[in-house]
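got a structure for you, letters missing:
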């Protein structure tokens, strides 16, 4: 059962006829072909589909990492179809947390510095204290000074989760967050992430190939060929 009444909320993500294509020497290659999806405040939505179906591209255009080539892309009240790169970056820094499959931590930075990075970039004076508290919440209060190379895969992903949540985002985007982890570690990391989502009230859109992970979400959207199929 959903922990949010999606029918009573204005969506914080609303895509209509979303399109994304890449130019090649042989012409445009379409990736998203008129995809539509909504996410309500506090809602957890799983996105499933085969490899190459457009799942990561969907995350990229919602997070402002890529600009859609067609359709209407509204995220947290902002029209990302017309937004500049600077505007998309500002929105992502302020209100969107992203968790990648491959962690994307800065190798030269400690766990504390990696987790604090969004706040540091935003110029917050208490970035370190907030990051320390968030790392404690994900069970890494004892690993603050360790660099990624000294952390296990599960620990690295916990740092990435702390980084995604440290700025108290309204929306979290997770792209196969347990894809690089063994089964047991993946379950533990997922538990941490779901717990934070529930506690903070953030919405989450999570790409996953794991049926058990998808079943823990409020609902599932299946895509294939760059379109929603279910």
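Here it is on my side, so go on. Since the structure is predicted, the reported quantities are computational estimates derived from the model, not experimental observations.

Please count neighbours and contacts with C-alpha atoms only from this point.
Will do.

if I read this right, residue 102 contacts residue 175, doesn't it?
No - using Cα atoms under 8 Å, residue 102 is not in contact with residue 175; the gap is 9.2 Å.

Between those two, which is the more surrounded one?
residue 175 (23 against 17; other Cα atoms under 10 Å).

does that one have beta-bridge partners, and which?
residue 207 (DSSP bridges).

quick one, what contacts it?
56, 59, 98-101, 206-208 (Cα atoms under 8 Å, 6 or more residues apart in numbering).

For the chain, which segments count as helices?
Remark: helices assigned in the chain by DSSP state H are 55-62, 85-95, 111-121, 127-137, 153-165, 183-200, 211-215.

other SSEs contacting the first one?
Other elements packing on helix 55-62 under the criterion 3 or more Cα pairs under 8 Å, 6 or more residues apart in numbering; DSSP states H and E are strand 27-39, strand 70-75, strand 171-175, strand 203-207.

between the ones you listed, which one is nearest to residue 195?
strand 203-207 (11.8 Å; Cα to Cα).

For the closest one, what is the distance to the chain centroid?
6 Å (Cα atoms, centre = their mean, to the nearest Å).

With stretch 81-95 instead?
15 Å.

Give the buried residues for that stretch.
For stretch 81-95, the neighbour count (16 or more other Cα atoms under 10 Å) marks 81, 88, 91-95 as buried.
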